[in-house]
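Peer 1: Got a predicted structure plus its sequence, pasted below:
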Amino acid sequence: MADKKTFYLTTPIFYPNAKLHLGHAYTTTISDILVRYHRLIGDKTYFLTGSDENTQKMVEAAVKEGKEPLKFLDEIVAKFASLFRELGISYDQFIRTTDQKQHWPGAQALWKKLVEADDIYKKAYEGLYCVGHEAFITEKDLVDGKCPDHGTAPEFIKEENYFFRLSKYAPEIKRRIESDELHVVPQSRKNEILSFIEREGLEDVSFSRPRKAEWPQGLGVPVPRDDSQVMYVWCDALANYITALGYGQDETLYKEFWPADVHVLGKDILRFHAAIWPGMLLSAGVPLPKSLLVHGFITSGGKKMSKTLGNVIDPEELLAEYGTDAVRYFLARHISPFEDGDITREGFKEAYNANLANGLGNMVARVMTLVEKNEVITLLIDSQGRSGLEQNIATAMAQFRINEAADYIWSEIQRIDRHITEEEPFKVVKTDPVMGKALIQHYVQDLYLISRALEPFMPETSKKIIEAIMANKKPENLFARKDQ
Ligand code: MSP
(Lines give C-alpha, C1' and ligand atoms only; values in the text may rest on other atoms or scores of the structure.)
Protein backbone atom coordinates (compact mmCIF):
# COMPACT_ATOMS: atom_id res chain seq x y z
CA MET A 1 0.00 0.00 0.00
CA ALA A 2 1.23 3.47 -0.84
CA ASP A 3 2.28 5.67 2.04
CA LYS A 4 -0.44 7.91 3.37
CA LYS A 5 -0.32 11.49 2.24
CA THR A 6 0.73 13.84 5.00
CA PHE A 7 -0.81 17.19 5.78
CA TYR A 8 0.91 19.62 8.12
CA LEU A 9 -0.92 22.81 9.01
CA THR A 10 0.10 25.60 11.36
CA THR A 11 -1.72 28.58 12.85
CA PRO A 12 0.12 31.73 13.86
CA ILE A 13 1.24 31.55 17.46
CA PHE A 14 -0.82 33.98 19.51
CA TYR A 15 0.42 36.81 21.68
CA PRO A 16 -0.51 36.02 25.25
CA ASN A 17 -0.90 39.58 26.44
CA ALA A 18 -4.70 39.44 26.58
CA LYS A 19 -7.57 37.00 26.06
CA LEU A 20 -8.26 35.88 22.52
CA HIS A 21 -11.18 37.44 20.67
CA LEU A 22 -13.30 36.14 17.85
CA GLY A 23 -10.76 37.26 15.23
CA HIS A 24 -8.18 34.91 16.73
CA ALA A 25 -10.81 32.21 17.06
CA TYR A 26 -11.43 32.55 13.32
CA THR A 27 -7.83 31.67 12.35
CA THR A 28 -7.87 28.64 14.58
CA THR A 29 -11.33 27.44 13.59
CA ILE A 30 -10.76 27.50 9.84
CA SER A 31 -7.43 25.80 10.48
CA ASP A 32 -9.17 23.06 12.43
CA ILE A 33 -11.72 22.60 9.65
CA LEU A 34 -8.96 22.13 7.07
CA VAL A 35 -7.12 19.64 9.23
CA ARG A 36 -10.24 17.66 10.10
CA TYR A 37 -11.11 17.54 6.43
CA HIS A 38 -7.72 16.07 5.55
CA ARG A 39 -8.01 13.59 8.40
CA LEU A 40 -11.43 12.56 7.12
CA ILE A 41 -10.16 11.83 3.62
CA GLY A 42 -7.42 9.67 5.09
CA ASP A 43 -4.35 11.91 5.18
CA LYS A 44 -1.92 11.65 8.05
CA THR A 45 -2.24 15.09 9.61
CA TYR A 46 -0.26 17.21 12.04
CA PHE A 47 -1.82 20.37 13.45
CA LEU A 48 0.27 22.94 15.30
CA THR A 49 -0.79 25.98 17.26
CA GLY A 50 0.75 27.84 20.16
CA SER A 51 1.75 31.06 21.84
CA ASP A 52 4.34 33.71 21.04
CA GLU A 53 5.71 34.52 24.46
CA ASN A 54 9.05 36.31 24.29
CA THR A 55 7.52 39.73 23.88
CA GLN A 56 7.71 43.15 25.41
CA LYS A 57 3.95 43.58 25.16
CA MET A 58 3.38 40.54 27.36
CA VAL A 59 5.84 41.88 29.98
CA GLU A 60 4.00 45.21 29.97
CA ALA A 61 0.61 43.54 30.34
CA ALA A 62 1.90 41.44 33.25
CA VAL A 63 3.40 44.45 35.02
CA LYS A 64 0.12 46.31 34.62
CA GLU A 65 -1.69 43.51 36.41
CA GLY A 66 1.04 43.33 39.05
CA LYS A 67 1.95 39.78 38.06
CA GLU A 68 5.22 38.03 37.54
CA PRO A 69 5.52 37.64 33.71
CA LEU A 70 6.09 33.88 33.59
CA LYS A 71 3.18 33.29 35.93
CA PHE A 72 1.00 35.67 33.95
CA LEU A 73 1.91 33.66 30.84
CA ASP A 74 0.85 30.37 32.37
CA GLU A 75 -2.52 31.82 33.31
CA ILE A 76 -3.25 33.27 29.87
CA VAL A 77 -2.04 30.20 28.04
CA ALA A 78 -4.36 28.06 30.16
CA LYS A 79 -7.21 30.30 28.95
CA PHE A 80 -6.14 29.83 25.31
CA ALA A 81 -6.19 26.09 25.80
CA SER A 82 -9.64 26.16 27.35
CA LEU A 83 -11.02 28.34 24.55
CA PHE A 84 -9.56 25.97 21.96
CA ARG A 85 -11.12 23.02 23.77
CA GLU A 86 -14.52 24.70 23.71
CA LEU A 87 -14.12 25.42 20.02
CA GLY A 88 -13.34 21.76 19.35
CA ILE A 89 -9.84 22.48 18.07
CA SER A 90 -8.09 19.18 17.45
CA TYR A 91 -4.46 20.31 17.56
CA ASP A 92 -1.62 17.84 17.98
CA GLN A 93 0.73 20.25 19.69
CA PHE A 94 0.54 23.59 21.46
CA ILE A 95 4.00 25.09 21.31
CA ARG A 96 5.16 27.78 23.71
CA THR A 97 8.19 29.80 22.75
CA THR A 98 9.39 29.95 26.36
CA ASP A 99 9.68 26.17 26.23
CA GLN A 100 13.41 25.67 26.66
CA LYS A 101 13.29 21.99 25.74
CA GLN A 102 11.03 22.00 22.70
CA HIS A 103 11.63 25.42 21.20
CA TRP A 104 14.98 26.93 22.14
CA PRO A 105 17.40 24.32 20.78
CA GLY A 106 15.76 24.41 17.32
CA ALA A 107 15.59 28.21 17.24
CA GLN A 108 19.28 28.34 18.13
CA ALA A 109 20.16 25.64 15.59
CA LEU A 110 18.43 27.68 12.92
CA TRP A 111 20.29 30.83 14.03
CA LYS A 112 23.61 28.97 13.71
CA LYS A 113 22.71 28.02 10.14
CA LEU A 114 22.18 31.69 9.32
CA VAL A 115 25.56 32.48 10.87
CA GLU A 116 27.21 29.71 8.82
CA ALA A 117 25.70 31.19 5.67
CA ASP A 118 27.29 34.51 6.65
CA ASP A 119 23.87 36.11 6.88
CA ILE A 120 24.13 37.51 10.42
CA TYR A 121 26.18 40.64 11.13
CA LYS A 122 26.40 43.18 13.92
CA LYS A 123 25.34 46.74 13.44
CA ALA A 124 24.62 49.83 15.53
CA TYR A 125 21.05 50.76 14.95
CA GLU A 126 18.62 53.42 15.86
CA GLY A 127 14.96 53.54 15.06
CA LEU A 128 11.38 53.60 16.26
CA TYR A 129 9.97 50.44 17.80
CA CYS A 130 6.24 49.80 18.09
CA VAL A 131 5.55 47.42 20.98
CA GLY A 132 2.08 46.67 19.57
CA HIS A 133 3.62 45.40 16.33
CA GLU A 134 6.74 44.04 18.03
CA ALA A 135 8.57 45.57 15.07
CA PHE A 136 10.50 48.65 14.04
CA ILE A 137 8.41 51.16 12.18
CA THR A 138 9.31 54.28 10.27
CA GLU A 139 8.40 57.93 10.75
CA LYS A 140 6.14 57.83 7.71
CA ASP A 141 4.00 55.03 9.23
CA LEU A 142 2.98 57.35 12.08
CA VAL A 143 -0.14 59.50 12.35
CA ASP A 144 0.22 62.39 14.82
CA GLY A 145 3.33 60.72 16.15
CA LYS A 146 1.45 57.50 16.95
CA CYS A 147 1.17 54.07 15.37
CA PRO A 148 -2.24 54.18 13.68
CA ASP A 149 -2.94 50.48 14.39
CA HIS A 150 -2.19 50.63 18.09
CA GLY A 151 -2.75 54.28 18.98
CA THR A 152 0.53 54.37 20.90
CA ALA A 153 3.72 56.35 20.41
CA PRO A 154 6.71 54.21 19.38
CA GLU A 155 9.84 53.96 21.51
CA PHE A 156 13.06 55.46 20.20
CA ILE A 157 15.73 52.80 20.36
CA LYS A 158 19.48 53.08 19.88
CA GLU A 159 21.37 49.85 20.31
CA GLU A 160 23.74 47.36 18.79
CA ASN A 161 21.95 44.43 17.20
CA TYR A 162 22.58 41.45 15.00
CA PHE A 163 21.09 41.87 11.56
CA PHE A 164 19.85 39.25 9.13
CA ARG A 165 20.82 39.71 5.50
CA LEU A 166 17.31 39.42 4.11
CA SER A 167 18.11 41.69 1.14
CA LYS A 168 20.29 38.96 -0.34
CA TYR A 169 17.28 36.68 -0.77
CA ALA A 170 14.82 39.14 -2.29
CA PRO A 171 15.17 37.88 -5.90
CA GLU A 172 14.84 34.21 -4.90
CA ILE A 173 11.86 34.86 -2.62
CA LYS A 174 10.17 36.75 -5.42
CA ARG A 175 10.83 33.91 -7.85
CA ARG A 176 9.40 31.29 -5.48
CA ILE A 177 6.24 33.31 -4.94
CA GLU A 178 5.79 34.17 -8.61
CA SER A 179 6.13 30.52 -9.60
CA ASP A 180 3.77 29.37 -6.81
CA GLU A 181 6.47 27.13 -5.39
CA LEU A 182 5.51 29.15 -2.35
CA HIS A 183 1.83 29.47 -3.11
CA VAL A 184 0.34 32.61 -1.57
CA VAL A 185 -3.46 32.40 -1.48
CA PRO A 186 -5.51 34.39 -2.43
CA GLN A 187 -4.07 35.95 -5.57
CA SER A 188 -4.64 39.48 -4.22
CA ARG A 189 -2.22 38.81 -1.34
CA LYS A 190 0.28 37.27 -3.73
CA ASN A 191 0.13 40.46 -5.82
CA GLU A 192 0.44 42.56 -2.70
CA ILE A 193 3.64 40.91 -1.50
CA LEU A 194 5.16 40.81 -4.97
CA SER A 195 4.57 44.47 -5.60
CA PHE A 196 5.92 45.29 -2.15
CA ILE A 197 9.16 43.45 -2.93
CA GLU A 198 9.34 45.12 -6.33
CA ARG A 199 8.64 48.59 -4.98
CA GLU A 200 10.70 48.61 -1.83
CA GLY A 201 12.98 45.59 -2.11
CA LEU A 202 13.70 43.75 1.11
CA GLU A 203 15.88 45.42 3.69
CA ASP A 204 18.01 43.55 6.16
CA VAL A 205 16.23 43.07 9.48
CA SER A 206 17.32 43.59 13.03
CA PHE A 207 17.29 40.06 14.42
CA SER A 208 18.26 40.48 18.07
CA ARG A 209 17.86 42.85 20.99
CA PRO A 210 20.05 43.47 24.02
CA ARG A 211 18.57 41.48 26.89
CA LYS A 212 16.40 43.79 28.96
CA ALA A 213 17.16 44.05 32.64
CA GLU A 214 13.48 43.71 33.59
CA TRP A 215 13.00 40.51 31.59
CA PRO A 216 13.13 37.45 33.82
CA GLN A 217 15.45 34.55 33.03
CA GLY A 218 13.50 32.17 30.87
CA LEU A 219 12.10 34.87 28.63
CA GLY A 220 13.80 35.53 25.31
CA VAL A 221 15.86 33.00 23.37
CA PRO A 222 19.57 33.72 23.94
CA VAL A 223 21.62 34.37 20.81
CA PRO A 224 24.16 31.54 20.46
CA ARG A 225 27.60 32.62 21.71
CA ASP A 226 26.32 36.01 22.89
CA ASP A 227 23.79 35.79 25.65
CA SER A 228 23.85 39.51 26.26
CA GLN A 229 21.42 39.44 23.30
CA VAL A 230 18.10 37.68 22.81
CA MET A 231 16.60 36.85 19.45
CA TYR A 232 14.21 39.35 17.97
CA VAL A 233 10.79 37.95 18.79
CA TRP A 234 9.72 37.39 15.16
CA CYS A 235 12.92 35.46 14.50
CA ASP A 236 12.24 32.99 17.29
CA ALA A 237 8.48 33.00 16.69
CA LEU A 238 8.66 32.02 13.02
CA ALA A 239 11.06 29.23 13.91
CA ASN A 240 8.25 27.58 15.92
CA TYR A 241 6.94 25.97 12.74
CA ILE A 242 10.00 23.73 12.65
CA THR A 243 11.10 23.63 16.29
CA ALA A 244 7.74 22.04 17.12
CA LEU A 245 8.72 19.18 14.83
CA GLY A 246 12.03 18.73 16.62
CA TYR A 247 14.26 20.57 14.14
CA GLY A 248 17.85 20.45 15.36
CA GLN A 249 16.98 17.75 17.92
CA ASP A 250 14.97 14.54 17.42
CA GLU A 251 13.88 15.14 13.84
CA THR A 252 11.43 12.28 13.42
CA LEU A 253 8.38 14.52 13.06
CA TYR A 254 10.36 17.08 11.09
CA LYS A 255 11.33 14.45 8.53
CA GLU A 256 7.80 13.22 8.27
CA PHE A 257 5.92 16.51 8.05
CA TRP A 258 8.19 19.33 6.86
CA PRO A 259 7.67 21.26 4.56
CA ALA A 260 4.32 22.44 5.90
CA ASP A 261 1.41 22.12 3.54
CA VAL A 262 -0.02 25.39 4.76
CA HIS A 263 0.66 28.17 7.20
CA VAL A 264 -2.64 29.91 8.01
CA LEU A 265 -2.30 33.60 8.93
CA GLY A 266 -4.06 36.95 8.91
CA LYS A 267 -3.30 39.64 6.36
CA ASP A 268 -1.46 41.82 8.90
CA ILE A 269 1.39 39.34 9.20
CA LEU A 270 1.85 38.59 5.51
CA ARG A 271 5.30 40.19 5.19
CA PHE A 272 6.72 38.24 8.09
CA HIS A 273 5.57 34.97 6.54
CA ALA A 274 6.10 35.71 2.85
CA ALA A 275 9.42 37.56 3.14
CA ILE A 276 11.32 37.12 6.41
CA TRP A 277 10.46 33.47 6.98
CA PRO A 278 11.27 32.29 3.44
CA GLY A 279 14.49 34.32 3.68
CA MET A 280 15.50 32.52 6.88
CA LEU A 281 14.72 29.13 5.38
CA LEU A 282 16.63 29.85 2.17
CA SER A 283 19.62 30.98 4.21
CA ALA A 284 19.49 27.83 6.34
CA GLY A 285 18.95 25.52 3.37
CA VAL A 286 15.59 24.36 4.71
CA PRO A 287 12.74 23.73 2.23
CA LEU A 288 10.04 26.40 2.08
CA PRO A 289 6.42 25.74 3.14
CA LYS A 290 4.15 24.87 0.24
CA SER A 291 1.51 27.51 0.80
CA LEU A 292 0.29 30.43 2.86
CA LEU A 293 -3.42 30.93 3.38
CA VAL A 294 -3.84 34.61 4.15
CA HIS A 295 -7.24 35.48 5.55
CA GLY A 296 -8.84 38.86 6.17
CA PHE A 297 -10.03 40.47 9.36
CA ILE A 298 -13.19 39.86 11.27
CA THR A 299 -14.96 43.16 11.60
CA SER A 300 -17.90 43.97 13.80
CA GLY A 301 -20.42 46.48 12.52
CA GLY A 302 -18.00 47.27 9.67
CA LYS A 303 -15.02 48.10 11.92
CA LYS A 304 -12.01 45.94 12.72
CA MET A 305 -12.64 44.08 15.90
CA SER A 306 -10.30 45.58 18.44
CA LYS A 307 -10.16 46.27 22.12
CA THR A 308 -9.58 49.98 21.56
CA LEU A 309 -12.78 50.34 19.54
CA GLY A 310 -14.71 48.39 22.13
CA ASN A 311 -16.44 46.18 19.55
CA VAL A 312 -14.80 42.93 20.56
CA ILE A 313 -17.04 39.90 20.56
CA ASP A 314 -15.96 37.42 23.19
CA PRO A 315 -15.99 33.94 21.68
CA GLU A 316 -16.72 32.45 25.11
CA GLU A 317 -19.94 34.41 25.24
CA LEU A 318 -21.13 33.13 21.87
CA LEU A 319 -20.05 29.61 22.76
CA ALA A 320 -22.03 29.73 25.99
CA GLU A 321 -25.14 30.93 24.22
CA TYR A 322 -25.02 28.92 21.00
CA GLY A 323 -22.56 26.05 21.50
CA THR A 324 -19.42 24.95 19.72
CA ASP A 325 -20.85 23.87 16.40
CA ALA A 326 -22.95 26.99 15.85
CA VAL A 327 -19.87 29.19 16.28
CA ARG A 328 -17.82 26.96 13.98
CA TYR A 329 -20.67 27.01 11.46
CA PHE A 330 -20.85 30.78 11.38
CA LEU A 331 -17.10 31.30 11.04
CA ALA A 332 -16.84 28.66 8.33
CA ARG A 333 -19.76 29.62 6.16
CA HIS A 334 -20.56 33.25 6.70
CA ILE A 335 -17.06 34.63 6.34
CA SER A 336 -14.93 34.32 3.23
CA PRO A 337 -11.40 33.24 4.06
CA PHE A 338 -10.10 35.70 1.49
CA GLU A 339 -11.76 38.92 2.55
CA ASP A 340 -12.75 40.81 5.66
CA GLY A 341 -15.99 39.49 7.09
CA ASP A 342 -18.47 41.11 9.39
CA ILE A 343 -20.10 39.64 12.43
CA THR A 344 -22.71 41.17 14.67
CA ARG A 345 -24.80 39.52 17.36
CA GLU A 346 -27.98 40.09 15.29
CA GLY A 347 -26.40 38.66 12.13
CA PHE A 348 -25.25 35.64 14.07
CA LYS A 349 -28.71 34.96 15.48
CA GLU A 350 -30.33 35.35 12.09
CA ALA A 351 -27.92 32.90 10.46
CA TYR A 352 -28.40 30.48 13.37
CA ASN A 353 -32.18 30.52 13.14
CA ALA A 354 -32.32 30.29 9.37
CA ASN A 355 -29.69 27.65 8.74
CA LEU A 356 -29.31 25.63 11.92
CA ALA A 357 -32.65 25.75 13.77
CA ASN A 358 -34.48 25.69 10.45
CA GLY A 359 -32.28 24.43 7.60
CA LEU A 360 -30.18 21.63 9.04
CA GLY A 361 -32.03 20.99 12.31
CA ASN A 362 -35.42 20.96 10.70
CA MET A 363 -34.40 18.70 7.83
CA VAL A 364 -32.83 16.14 10.19
CA ALA A 365 -36.01 16.12 12.28
CA ARG A 366 -38.18 15.67 9.18
CA VAL A 367 -36.19 12.76 7.79
CA MET A 368 -35.73 10.99 11.10
CA THR A 369 -39.40 11.40 12.05
CA LEU A 370 -40.29 9.65 8.82
CA VAL A 371 -37.87 6.84 9.68
CA GLU A 372 -39.15 6.48 13.22
CA LYS A 373 -42.86 6.62 12.42
CA ASN A 374 -42.65 4.18 9.55
CA GLU A 375 -40.10 1.87 11.13
CA VAL A 376 -37.79 2.15 8.14
CA ILE A 377 -34.68 0.01 8.40
CA THR A 378 -31.88 2.01 6.87
CA LEU A 379 -29.15 0.70 4.65
CA LEU A 380 -26.15 2.99 4.39
CA ILE A 381 -23.67 3.10 1.57
CA ASP A 382 -20.34 4.78 1.92
CA SER A 383 -19.68 6.59 -1.33
CA GLN A 384 -15.93 6.86 -0.60
CA GLY A 385 -15.43 10.27 -2.06
CA ARG A 386 -17.32 9.60 -5.27
CA SER A 387 -20.57 11.45 -4.61
CA GLY A 388 -21.11 14.84 -6.23
CA LEU A 389 -21.19 16.47 -2.82
CA GLU A 390 -17.86 15.00 -1.78
CA GLN A 391 -16.25 15.95 -5.07
CA ASN A 392 -17.49 19.52 -4.90
CA ILE A 393 -16.20 19.81 -1.36
CA ALA A 394 -12.84 18.31 -2.36
CA THR A 395 -12.36 20.91 -5.09
CA ALA A 396 -13.34 23.78 -2.79
CA MET A 397 -11.16 22.59 0.09
CA ALA A 398 -8.13 22.12 -2.15
CA GLN A 399 -8.39 25.84 -2.88
CA PHE A 400 -9.13 26.75 0.75
CA ARG A 401 -12.64 27.90 -0.25
CA ILE A 402 -14.01 26.80 3.09
CA ASN A 403 -17.20 28.85 2.94
CA GLU A 404 -18.04 27.47 -0.49
CA ALA A 405 -17.50 23.93 0.72
CA ALA A 406 -20.03 24.62 3.48
CA ASP A 407 -22.42 26.14 0.91
CA TYR A 408 -22.48 22.81 -0.98
CA ILE A 409 -23.68 21.09 2.18
CA TRP A 410 -26.46 23.61 2.66
CA SER A 411 -27.62 23.28 -0.95
CA GLU A 412 -27.95 19.55 -0.33
CA ILE A 413 -29.97 20.26 2.80
CA GLN A 414 -32.32 22.46 0.80
CA ARG A 415 -32.57 19.88 -1.96
CA ILE A 416 -33.68 17.17 0.46
CA ASP A 417 -36.18 19.51 2.07
CA ARG A 418 -37.62 20.38 -1.33
CA HIS A 419 -37.89 16.70 -2.30
CA ILE A 420 -39.76 15.85 0.87
CA THR A 421 -42.17 18.68 0.23
CA GLU A 422 -42.70 17.71 -3.40
CA GLU A 423 -42.73 13.91 -3.08
CA GLU A 424 -44.85 13.82 0.08
CA PRO A 425 -43.42 10.53 1.40
CA PHE A 426 -45.73 10.74 4.45
CA LYS A 427 -48.65 10.24 2.05
CA VAL A 428 -46.92 7.75 -0.25
CA VAL A 429 -46.18 5.32 2.62
CA LYS A 430 -49.91 5.08 3.27
CA THR A 431 -50.89 4.21 -0.32
CA ASP A 432 -47.73 2.37 -1.38
CA PRO A 433 -45.62 1.36 1.64
CA VAL A 434 -42.79 -0.20 -0.40
CA MET A 435 -42.38 2.88 -2.54
CA GLY A 436 -42.77 5.20 0.46
CA LYS A 437 -40.14 3.39 2.47
CA ALA A 438 -37.78 3.39 -0.52
CA LEU A 439 -38.16 7.17 -0.75
CA ILE A 440 -37.41 7.58 2.93
CA GLN A 441 -34.45 5.24 2.67
CA HIS A 442 -33.14 7.53 -0.04
CA TYR A 443 -33.37 10.62 2.15
CA VAL A 444 -31.57 8.84 4.94
CA GLN A 445 -28.76 7.91 2.59
CA ASP A 446 -28.45 11.57 1.56
CA LEU A 447 -28.59 12.64 5.18
CA TYR A 448 -25.81 10.20 5.96
CA LEU A 449 -23.60 11.75 3.28
CA ILE A 450 -24.37 15.18 4.67
CA SER A 451 -23.49 14.18 8.19
CA ARG A 452 -20.17 12.76 7.01
CA ALA A 453 -19.43 15.93 5.06
CA LEU A 454 -20.30 18.00 8.12
CA GLU A 455 -17.68 16.37 10.33
CA PRO A 456 -14.86 18.88 9.72
CA PHE A 457 -17.22 21.82 10.19
CA MET A 458 -19.50 20.63 12.97
CA PRO A 459 -18.03 17.51 14.55
CA GLU A 460 -20.51 17.16 17.43
CA THR A 461 -23.54 17.60 15.22
CA SER A 462 -22.18 15.17 12.66
CA LYS A 463 -21.77 12.57 15.38
CA LYS A 464 -25.27 13.14 16.76
CA ILE A 465 -26.85 12.72 13.32
CA ILE A 466 -24.92 9.55 12.56
CA GLU A 467 -25.92 8.11 15.95
CA ALA A 468 -29.57 8.94 15.25
CA ILE A 469 -29.39 7.26 11.85
CA MET A 470 -27.80 4.14 13.37
CA ALA A 471 -30.54 4.01 16.01
CA ASN A 472 -33.33 4.64 13.44
CA LYS A 473 -34.55 7.37 15.74
CA LYS A 474 -35.19 11.07 15.65
CA PRO A 475 -32.45 12.87 17.67
CA GLU A 476 -33.21 15.39 20.40
CA ASN A 477 -33.68 18.91 19.04
CA LEU A 478 -30.28 19.81 17.57
CA PHE A 479 -30.64 23.60 17.52
CA ALA A 480 -33.32 25.30 19.57
CA ARG A 481 -34.69 28.44 17.94
CA LYS A 482 -33.59 31.72 19.52
CA ASP A 483 -36.44 34.13 19.68
CA GLN A 484 -35.03 37.13 21.42
N1 MSP B 1 2.34 36.46 17.42
C2 MSP B 1 2.07 36.90 16.10
C3 MSP B 1 2.13 35.77 15.10
C4 MSP B 1 3.41 35.01 15.07
S5 MSP B 1 3.38 33.69 13.97
C6 MSP B 1 4.95 33.12 13.90
C7 MSP B 1 0.67 37.55 16.06
N8 MSP B 1 -0.15 37.24 17.07
S9 MSP B 1 -1.61 37.82 17.27
O10 MSP B 1 -2.11 37.20 18.47
O11 MSP B 1 -1.58 39.24 17.26
O12 MSP B 1 -2.46 37.40 16.04
C13 MSP B 1 -2.61 36.05 15.72
C14 MSP B 1 -3.47 35.90 14.49
O15 MSP B 1 -4.78 36.42 14.73
C16 MSP B 1 -2.94 36.64 13.27
O17 MSP B 1 -3.02 35.81 12.13
C18 MSP B 1 -3.89 37.80 13.12
O19 MSP B 1 -4.04 38.17 11.78
C20 MSP B 1 -5.16 37.18 13.64
N21 MSP B 1 -6.13 38.21 14.01
C22 MSP B 1 -6.03 39.20 14.97
N23 MSP B 1 -7.14 40.00 14.91
C24 MSP B 1 -7.96 39.55 13.93
C25 MSP B 1 -9.24 39.88 13.46
N26 MSP B 1 -9.93 40.90 13.94
N27 MSP B 1 -9.77 39.09 12.49
C28 MSP B 1 -9.14 37.98 12.01
N29 MSP B 1 -7.94 37.64 12.42
C30 MSP B 1 -7.27 38.46 13.32
O31 MSP B 1 0.38 38.26 15.12
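Peer 2: Okay, I see it. Residues are numbered from 1 along each chain as shown.

Peer 1: so what's L356 closest to, chain neighbours aside?
Peer 2: Residue nearest to L356 in three dimensions, not counting chain neighbours: F479, with 4.1 Å by Cβ to Cβ, 6 or more residues apart in numbering. Where you see a C-beta, it was placed from the backbone N, CA and C, and this is true even at glycine.

Peer 1: OK, contacts around that neighbour?
Peer 2: A326, Y352, L356, A357, L360, G361 (Cβ atoms under 8 Å, 6 or more residues apart in numbering).

Peer 1: Redo the residues you listed as TSV? Include pLDDT.
Peer 2: TSV is the format used below for the contacts of F479 (pLDDT from 0 to 100):
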residue	pLDDT
A326	98
Y352	98
L356	98
A357	98
L360	98
G361	98
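
Peer 1: Tell me which of the residues you listed fall in helices.
Peer 2: Those of the contacts of F479 mapping onto helices are A326, Y352, G361, per DSSP state H.

Peer 1: Kindly indicate which of those residues lies nearest I120.
Peer 2: Closest approach between the ones in helices among the contacts of F479 and I120, by Cβ to Cβ: A326, at 49.1 Å.

Peer 1: That closest one touches G359, doesn't it?
Peer 2: No. A326 is beyond contact range of G359, at 11.7 Å (criterion: Cβ atoms under 8 Å).

Peer 1: neighbour-wise, which of these two wins?
Peer 2: Comparing A326 with G359 by other Cβ atoms under 10 Å, the one with more neighbours is A326, at 24 against 19.

Peer 1: show me the contacts for the closest residue to the ligand within the chain.
Peer 2: Among all residues of the chain, G266 sits closest to the ligand, at 1.8 Å; criterion: Cβ to the nearest ligand atom. Counting by Cβ under 8 Å, 6+ apart, G266 touches P12, G23, T27, V294, H295, G296, F297.

Peer 1: Now with 7 Å, please.
Peer 2: Taking Cβ atoms under 7 Å, 6 or more residues apart in numbering, we find G266 in contact with T27, H295, F297.

Peer 1: what's around the second one, how many residues?
Peer 2: So that's H295. 26.

Peer 1: Now it: closest residue in space, sequence neighbours ignored.
Peer 2: Nearest to H295 is P337, by Cβ to Cβ, 6+ apart, at 4.8 Å.

Peer 1: In this structure L253 contacts I242, no?
Peer 2: No. The pair L253 / I242 is not scored as a contact, 9.7 Å apart, by Cβ atoms under 7 Å.

Peer 1: who has more neighbours, those two?
Peer 2: I242 (27 against 18).

Peer 1: Give the helix, strand or coil label for that one.
Peer 2: helix (DSSP: H, G, I helix; E, B strand; the rest coil).

Peer 1: Would you mind listing the residues in contact with it?
Peer 2: Contacts of I242 by Cβ under 7 Å, 6+ apart are G106, Y254, W258, V286.

Peer 1: returning to what we had before: format the ones in helices among the contacts of F479 as a markdown table; extra columns: distance to the ligand.
Peer 2: Shown next, in a markdown table, are the ones in helices among the contacts of F479 (distance: Cβ to the nearest ligand atom, whole Å):
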| residue | distance to the ligand |
| --- | --- |
| A326 | 19 |
| Y352 | 20 |
| G361 | 28 |
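
Peer 1: what residues are up against the nearest residue to S206 once chain neighbours are set aside?
Peer 2: Excluding the flanking residues, the one nearest S206 by Cβ to Cβ, 6+ apart is N161, at 4.5 Å. Residues in contact with N161 (Cβ under 7 Å, 6+ apart) are K123, Y125, S206, S208, R209.

Peer 1: and what of D141?
Peer 2: Contacts of D141 by Cβ under 7 Å, 6+ apart are C147.

Peer 1: Okay, it and T299: tell me how far apart.
Peer 2: Note on D141: its distance to T299, by Cβ to Cβ, to the nearest Å, is 22 Å.

Peer 1: Then I33?
Peer 2: Where T299 is concerned, I33 sits at a distance of 21 Å (Cβ to Cβ).

Peer 1: Just give me the neighbour total for A135.
Peer 2: Residues near A135, counting by other Cβ under 10 Å, number 20.

Peer 1: Any residues of this structure in contact with the ligand? List them.
Peer 2: 12-15, 23-24, 26-27, 52, 237-238, 240, 265-266, 268-269, 297-298, 304-305 (Cβ under 6 Å from any ligand atom).

Peer 1: Filter the residues you listed down to just the ones in strands.
Peer 2: Within those, residues falling in strands by DSSP state E are P12, I13, F14, L265, G266, I298, K304.

Peer 1: and the gap between the first one and A438?
Peer 2: So the one you mean is P12. 51 Å.

Peer 1: Give me the more crowded residue out of these two.
Peer 2: Applying other Cβ under 10 Å to P12 and A438 shows that P12 carries more neighbours, namely 24 against 14.

Peer 1: Once you drop chain neighbours, what's closest to the more buried one?
Peer 2: L265 (5.0 Å).

Peer 1: Is it correct that that neighbour is in contact with G296?
Peer 2: No. Applying Cβ under 7 Å as the test, L265 and G296 come out as separate, 11.2 Å apart.

Peer 1: still on that earlier bit, of the contacts of N161, which is the most crowded?
Peer 2: Result: S208 is most packed of those (other Cβ under 10 Å), 26 neighbours.

Peer 1: Can you read off the pLDDT for that one?
Peer 2: Per-residue pLDDT puts S208 at 96.

Peer 1: what's the answer for K267, then?
Peer 2: The model reports K267 with a pLDDT of 97.

Peer 1: Setting the sequence-adjacent residues aside, check what's closest to N362.
Peer 2: Distance criterion Cβ to Cβ, 6+ apart; nearest residue to N362, sequence neighbours excluded, is D417 at 7.5 Å.

Peer 1: swap that for K71, sorry
Peer 2: Per Cβ to Cβ, 6+ apart, closest to K71 is A62, 7.9 Å.

Peer 1: Equivalent analysis for A284, please.
Peer 2: Leaving out its chain neighbours, the residue that sits closest to A284 by Cβ to Cβ, 6+ apart is K113, at 3.6 Å.

Peer 1: Double-check that T395 belongs to a helix.
Peer 2: Yes. With three-state DSSP as the criterion, T395 is located in a helix.

Peer 1: count of neighbours near it?
Peer 2: 13.

Peer 1: Low-confidence stretches in this protein?
Peer 2: 1-2, 307-308 (pLDDT under 70).

Peer 1: Using the centroid of it, identify the residue furthest from it.
Peer 2: T431 (52.5 Å; Cα atoms, centre = their mean).

Peer 1: do you know how far that one is from P425?
Peer 2: 11 Å.

Peer 1: Just the buried residues of the residues of the chain next to the ligand.
Peer 2: Buried positions within the residues of the chain next to the ligand, assessed by neighbour count (16 or more other Cβ atoms under 10 Å), are 12-15, 23-24, 26-27, 52, 237-238, 240, 265-266, 269, 297-298, 304-305.
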